[in-house]
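Peer 1: Based on what follows, work out the 3D shape:
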Amino acid sequence: MTTQSRIVDSNNIVDRVNNMPILSSPRYCKRILMKNLDSLSATILFFLGLWIFLKSLTYPFGSLQSPGAGFFPLLASILLMGLSGSMIVQGFLKKEAGETFKASFLPGREALQRIFFSFLALLGFRYLLPAIGFGPSTFLFIFFLGKILGHYSWKMSLFFALMASLLAYCLFQAWLKIPLPLGILGI
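Peer 2: Numbering: from 1, shown residues only. Next comes the predicted model:
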């Protein structure tokens, strides 16, 4: 095979790749772009978490019974680095760019309706909090978000609402000793 024929063959290959419907489609290009943007945003968040981690070491840590000013930023930065690190690993392990996360918080035509219901849920939480107390209002708020906005099943919505309200109660009332509104139910 001569040099001239190799050039013609390589041009022929380039033409074939450019004419392939899968690779030249806007949908494929969008998937590649989204995969790269996910990896880029995860990398930026990882370095932000690393910066917060290093900055939080300059503040007093305290103890679990008496947390200092650096306690919460340190835990939050570790969580941020862990979650963004897992996003980076997922980005590298994907074999195909089409395996990106497709769901979004504001999908298409439902966007205004979801925003309205989220705002309504926050208003309901705000006005129910002093009336019925922290525990029940948190339970109703998380249940509403899970069932109506998240489209989860009844069992999953009840489970998440119960776990979130119990975890919030244990964190704020039992561990940090923050007085929470009890409401008429005394809970």
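
Peer 1: make it CA atoms for all contacts and neighbour counts henceforth
Peer 2: OK.

Peer 1: Wait, residue 70 touches residue 58, no?
Peer 2: Yes. Contact criterion CA atoms under 8 Å: residue 70 and residue 58 qualify, at 7.5 Å.

Peer 1: Return the residues in contact with residue 62.
Peer 2: Going by CA atoms under 8 Å, 6 or more residues apart in numbering, residue 62 touches 68-71.

Peer 1: on that earlier part again, show me which of residue 70 and residue 58 is the more surrounded one.
Peer 2: Using other CA atoms under 10 Å as the criterion, residue 70 and residue 58 rank with residue 70 on top: 18 against 10.

Peer 1: Can you report phi and psi for the more buried one?
Peer 2: When read as degrees, to the nearest 10, the backbone of residue 70 gives phi -90, psi 0.

Peer 1: Any idea which helix or strand in this structure has the lowest mean pLDDT?
Peer 2: helix 3-18 (a mean of 50; mean pLDDT, DSSP states H and E).

Peer 1: The protein - how does it break down into domains?
Peer 2: Following the assignment in automatic domain parsing, the chain carries domains at 3-99, 108-175.

Peer 1: what about these, which gets the closest to residue 182?
Peer 2: Proximity to residue 182 (CA to CA) singles out domain 108-175 among these, at 4.2 Å.

Peer 1: Just the element for the spatially most central residue of the chain, please.
Peer 2: For the chain, the residue nearest the mean C-alpha position is residue 83 (8.7 Å; CA atoms, centre = their mean). Using DSSP states H and E, residue 83 falls within helix 71-93.

Peer 1: Please consider this matter closed, and thank you.
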